[in-house]
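In: Structure for this input, please:
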Amino acid sequence: MGAGHSHAPLGHTDPTPRALAARKKANLILAAVLIPLTLLTLVAMALLWPSGSKEGITLASPYAAAPGVTFDTGKIQRVVTGSCMDVQQGQAGADAAAQQGSQCTFAFTDPDKGGNPVKVVINPDVAKSHGVKAGDNIRYLNLSKVQGSEAQGTPAYVFVDFVRTLPIIFLAVLYAVVVIAVARWRGLRALIGLVGAYGVLVSFMLPGLVEGKPPLLLALVGSTVIMIGVLYFAHGFSARTSTALLGTMFGLAITALLAAWATDAANLAGVGSHDSAALANVSDNISISGIILCGLIISGLGVLNDVTITQSSAVWELWELAPETTARQLFTSAMRIGRDHIASTVYTIAFAYAGAALPVLILVMLYERPLGDALTSAELSEEVIRTLVGSVGLVLAIPVTTLIAVLVVKATGIKALGGVAGGRRNAGSGDDSVGNTGRQAAGSAGTSAAADNGSRWLDDDADRRLEDDVVAPADAFESAPAGRRGRRAAPRD
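Out: Numbers count the residues shown, from 1 in each chain. Reported below is the predicted structural model:
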């Protein structure tokens, strides 16, 4: 989520010495806040770490084959439609007559392990909705070695699923190539961070939910660890990243509180989901409402990261382009960017969830239920609440992140143009010695171009002094030629 939002700095140039000094001081300020929070999160993660035990879990996997039954793969050579009696020869009279008019789809398939083509029965729903064709790779159930299968009238080979390995690998490689080609090393780091995030999800959060760990704490701790790793690994250790992380933590806290309240107030029990109903019977430790709560928090991580890193970068870029801007002006300017981001991001979340729930939406439409009843039904209420909770969290995270970034920038105490402006005010206030020195330097060259070159030398010299002292003292300019550019830049009282 969050596609279409650029994190590229505005008018980015190489940082000046004063900007580097400001970032260094800001990092010290942010470290004083983030290091204790990170240590607390890691301690909580250690205390909540699941044991990995699956005791008391009773689950019959649909992918586990009975003795003599195997899952095989093959490539379809041709597809035919014929009477279902072709695979039900063992059924007797009345049943056979009832099935005589039924039509089934068969796929003659070459097994990948070798051998003669086999006749695979295609499920009616697959044959009707998507269909199969020559060249498709499929996975099918091989019942041919089960004794008595033919006598029971069951088909020997039954379609299970398509083999999607190649298209998924192709898309994954294409995605990685595009990301790395455009974002370069930062894109590569983001991809590696994504792998690490899924590692936390699989090794910490999912087993914790299975063992009945507190879902709210589990989601908060796991999400915070993911964001710490992803943000710093992808964007590097900087004041911008640390500011975005603080804003993300605030957004996570708001989302978690709202999700906890909404899960209870709206009685989200997962009764409209077949998967949730199956999990409810797996173990007494598994809480379906807890899983829903955890899902509400996790689902907003990507877009929350999007808005906070953008706002943080916007504040820092605006300040570095105009360091004399007041805190109020800086916050107002950054929030203009934030409001545009809010509008587009709300659409992103809503349409992402609508796309995921499209089959349910179509069914609801065909049922011709009132809109209010449909949105509050078991089928749609979870998606509606997910959208609203995630949107509130990310919208509130934008002004908070902006405020934190502004406070951190101003807390550095570096008045970037103070010394320079003071010196130039003296240069333009009528000081004859300074003015005469500048005029003598210009006159010695004999042309106005030489004067411009001298003023450029003055500006370069001032920058070099800033590298040593960050902010040059006002009297540093009293003995240097002022030049016309310095007089033009001096503020008028």
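In: shaky segments in this protein?
Out: 1-16, 18-19, 56, 58-67, 85-101, 146-154, 270-273, 413-493 (pLDDT under 70).
In: Just give me the longest helix of it.
Out: Criterion DSSP state H: the longest helix present in the chain is helix 165-200.
In: Same question for it: list its buried residues.
Out: Within helix 165-200, the residues that count as buried by 16 or more other C-beta atoms under 10 Å are 179-180, 183, 186-187, 189-191, 193-194, 197, 200. (Glycine included, C-beta is placed from N, CA and C.)
In: can these go into TSV with extra columns for distance to residue 313?
Out: TSV is the format used below for these (distance: C-beta to C-beta, whole Å):
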residue	distance to residue 313
179	19
180	21
183	14
186	13
187	16
189	16
190	15
191	20
193	17
194	20
197	21
200	25
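In: and which of those residues is nearest to residue 39?
Out: Residue 39 has its nearest neighbour among the buried residues of helix 165-200 in residue 200, at 17.1 Å by C-beta to C-beta.
In: Can you get me a residue count around residue 382?
Out: Using other C-beta atoms under 10 Å, residue 382 is surrounded by 24 other residues.
In: still on that earlier bit, same for the longest helix of the chain, what does it pack against?
Out: Helices and strands touching helix 165-200, by 3 or more C-beta pairs under 8 Å, 6 or more residues apart in numbering; DSSP states H and E, are helix 215-235.
In: do that again at 10 Å, thanks
Out: Other elements packing on helix 165-200 under the criterion 3 or more C-beta pairs under 10 Å, 6 or more residues apart in numbering; DSSP states H and E are helix 215-235, helix 301-321.
In: Pick the most deeply packed of these.
Out: helix 301-321 (a mean of 24; mean count of other C-beta atoms under 10 Å).
In: Now do that helix: which elements does it pack against?
Out: Other helices and strands packing on helix 301-321, by 3+ C-beta pairs under 10 Å, 6+ apart, are helix 17-48, helix 165-200, helix 215-235, helix 239-265, helix 327-356, helix 381-411.
In: So which of the helices and strands packed on helix 165-200 is nearest residue 364?
Out: Nearest to residue 364, of all these, is helix 301-321, at 25.3 Å by C-beta to C-beta.
In: ok, which stretches of the stretch 1-150 of the chain are helices?
Out: For the stretch 1-150 of the chain, the helices defined by DSSP state H, counting those that start in this stretch cover 17-48, 93-99, 124-129.
In: In contact with residue 112, which residues?
Out: Neighbouring residues of residue 112 by C-beta atoms under 10 Å, 6 or more residues apart in numbering: 72-75, 137, 139, 163.
In: Please look at residue 214 and residue 285 and confirm they touch.
Out: No: counting by C-beta atoms under 10 Å, residue 214 sits too far from residue 285 to count as a contact (11.9 Å).
In: Against residue 120, how distant is residue 128?
Out: Counting by C-beta to C-beta, to the nearest Å, the separation of residue 128 from residue 120 is 16 Å.
In: So for the two, which sits in the more crowded spot?
Out: Neighbours per residue, other C-beta under 10 Å: of residue 128 and residue 120, the larger number sits with residue 120, 27 against 10.
In: what residues are up against that one?
Out: Residue 120 sits next to 72, 74, 76, 79, 105-109, 111, 132, 138-142, 155-160 when contact means C-beta under 10 Å, 6+ apart.
In: Could you tell me which of those count as buried?
Out: Buried members of the contacts of residue 120, scored by 16+ other C-beta under 10 Å, are 72, 74, 76, 79, 105-109, 111, 132, 138-142, 155-157, 159-160.
In: Among these, which are located in strands?
Out: Among the buried ones among the contacts of residue 120, the residues falling in strands (DSSP state E) are 72, 74, 76, 79, 105-109, 111, 138-142, 157, 159-160.
In: quick one on the thing from earlier: closest to residue 239 among the buried residues of helix 165-200?
Out: Using C-beta to C-beta, residue 186 comes nearest to residue 239 of these, at 16.9 Å.
In: Distance-wise, check the closest residue to that closest one other than its chain neighbours relative to residue 176.
Out: Nearest residue to residue 186 in three dimensions, chain neighbours excluded: residue 234, at 6.2 Å (C-beta to C-beta, 6 or more residues apart in numbering). In this structure, residue 234 and residue 176 are 14 Å apart, going by C-beta to C-beta.
In: ditto for residue 334
Out: Using C-beta to C-beta, residue 334 is found at 33 Å from residue 176.
In: now residue 39
Out: 34 Å.
In: who touches residue 165 in this structure?
Out: Counting by C-beta under 10 Å, 6+ apart, residue 165 touches 73, 137.
In: Same check on residue 312?
Out: Shown in contact with residue 312 (C-beta under 10 Å, 6+ apart): 7, 231, 235, 238-248, 334, 401-402, 404-405, 408.
In: Quick one: neighbours of residue 341, just the number.
Out: Using other C-beta under 10 Å, residue 341 is surrounded by 21 other residues.
In: got a list of what it touches?
Out: Contacts for residue 341 (C-beta under 10 Å, 6+ apart) come out as 2, 5, 306-307, 310-311, 314, 335, 394-395, 398.
In: Check residue 342 too.
Out: Applying C-beta under 10 Å, 6+ apart to residue 342 gives the contacts 307, 335, 391, 394-399.
In: just checking, residue 408 touches residue 245?
Out: No: Residue 408 lies out of contact with residue 245 (C-beta under 10 Å); the separation is 11.8 Å.
In: what is in contact with these two at once?
Out: Residues touching both residue 408 and residue 245 by C-beta under 10 Å, 6+ apart: 30, 33, 312.
In: would TSV of the residues you listed with distance to residue 55 be doable?
Out: What follows is these, written out as TSV (distance: C-beta to C-beta, whole Å):
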residue	distance to residue 55
30	44
33	41
312	45
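In: closest to residue 361 among those?
Out: The closest of those to residue 361 turns out to be residue 312 (C-beta to C-beta; 36.0 Å).
In: Near residue 369, how many other residues are there?
Out: Using other C-beta under 10 Å, residue 369 has 15 other residues around it.
In: OK, contacts around it?
Out: Residues near residue 369 by C-beta under 10 Å, 6+ apart: 363, 375, 377, 379-380.
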